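A.B. asks: Kindly return the folded structure for what I paste below:
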Amino acid sequence: MSANPLWTKGMGEIYTVPSVTFQIEDSSASGYVQLIFALRYRDLGAIEGTFASIVYFSFKRMEADWRSLVENIRNGTIRQDLNISDDIREILLAHLKPDQARADFLEEQFEEGFDNIAARIWPEMKLINCITTGPFEIYAKHLREKYTKDILLYSASVVATEGFMALNMWP
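C.D. replies: Modelled structure (predicted):
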């Protein structure tokens with residue numbers, strides 16, 4: 001819903017990431033930056049990803065890159081090897097402050113493994129909004145089995161390749 005910046009004009013930032021993150025042209029770099037900001041936020045209550053596959057691969061990326069993510073949170077930095085323009089990097093760095101305590105907590109949790117990691121690092125997490133039907137059902141299954149366990153996976157809408165068809169009012 002907030003994909004159109006005009007819808008949120010005057011509301012300020014509504015996500016854990018600064019809106020400039022969505023201007024990063026390299027999708028891998030953008031995903032990594034989104035993980036840094038999400039991991040920094042202790043009270044994250046929901047994750048929004050269009051498709052369950054996007055959410056699943058974000059958790060896979062977290063599992064693969066947790067050491068550098070923790071280091072970035074510890075130091076308030078962003079990996080230099082990411083393809084991010086200097087002007088966007090500068091804006092993002094202004095939003096990052098070193099957080100030793102959060103980094104230590106995340107490191108401890110990650111060292112225990114990634115089973116049910118979402119609930120362990122974000123105890124306020126209530127739902128993950130993403131499409132979980134059709135070809136995305138397998139990714140929803142993998143999310144539930146490993147990363148999210150009992151956190152509600154909610155498909156807020158019914159879509160087809162032609163467009164959005166309906167809104168799901170009953171999770």
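
A.B. asks: Check the offset of the lengthiest helix in the chain from the chain's centre.
C.D. replies: Selection of the longest helix in the chain by residue count, based on DSSP state H, yields helix 52-75. Offset of helix 52-75 from its chain centre (Cα atoms, centre = their mean, to the nearest Å): 9 Å.

A.B. asks: Burial check on Gln80, number of neighbours?
C.D. replies: Gln80 has 7 neighbours, counted by other Cβ atoms under 10 Å. Every C-beta, even on glycine, is put in place using the N, C-alpha and C of the backbone.

A.B. asks: secondary structure element for it?
C.D. replies: If you go by DSSP states H and E, Gln80 is not part of any helix or strand.

A.B. asks: List the contacts of the residue nearest to Arg74 when sequence neighbours are not counted.
C.D. replies: Leaving out its chain neighbours, the residue that sits closest to Arg74 by Cβ to Cβ, 6 or more residues apart in numbering is Ala103, at 3.6 Å. Contacts here follow Cβ atoms under 8 Å, 6 or more residues apart in numbering; on that basis Ala103 touches 70-71, 73-74.

A.B. asks: most surrounded residue in these?
C.D. replies: Top of those by neighbour count (other Cβ under 10 Å): Ile73, with 26 neighbours.

A.B. asks: residues touching it, list them.
C.D. replies: Contacts of Ile73 (Cβ under 8 Å, 6+ apart): 36, 39-40, 99, 102-103, 106.

A.B. asks: CA atoms only for stretch 117-129, dumped as PDB, please.
C.D. replies: Extracted as PDB, the C-alpha positions of stretch 117-129 are listed here (Å, rounded to 0.1, in the frame of the first residue of the first chain):
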ATOM      1  CA  ILE A 117      14.900 -17.100  14.600                       C
ATOM      2  CA  ALA A 118      12.100 -14.600  13.800                       C
ATOM      3  CA  ALA A 119      10.400 -15.000  17.200                       C
ATOM      4  CA  ARG A 120      13.700 -15.100  19.100                       C
ATOM      5  CA  ILE A 121      15.200 -11.900  17.700                       C
ATOM      6  CA  TRP A 122      11.800 -10.000  17.300                       C
ATOM      7  CA  PRO A 123       9.600 -11.100  20.300                       C
ATOM      8  CA  GLU A 124       6.900  -8.600  19.300                       C
ATOM      9  CA  MET A 125       6.600 -10.200  15.800                       C
ATOM     10  CA  LYS A 126       2.900 -10.900  15.100                       C
ATOM     11  CA  LEU A 127       2.600 -11.500  11.400                       C
ATOM     12  CA  ILE A 128       4.300 -11.700   8.100                       C
ATOM     13  CA  ASN A 129       2.200 -10.200   5.200                       C
END
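
A.B. asks: Done for today, thanks.
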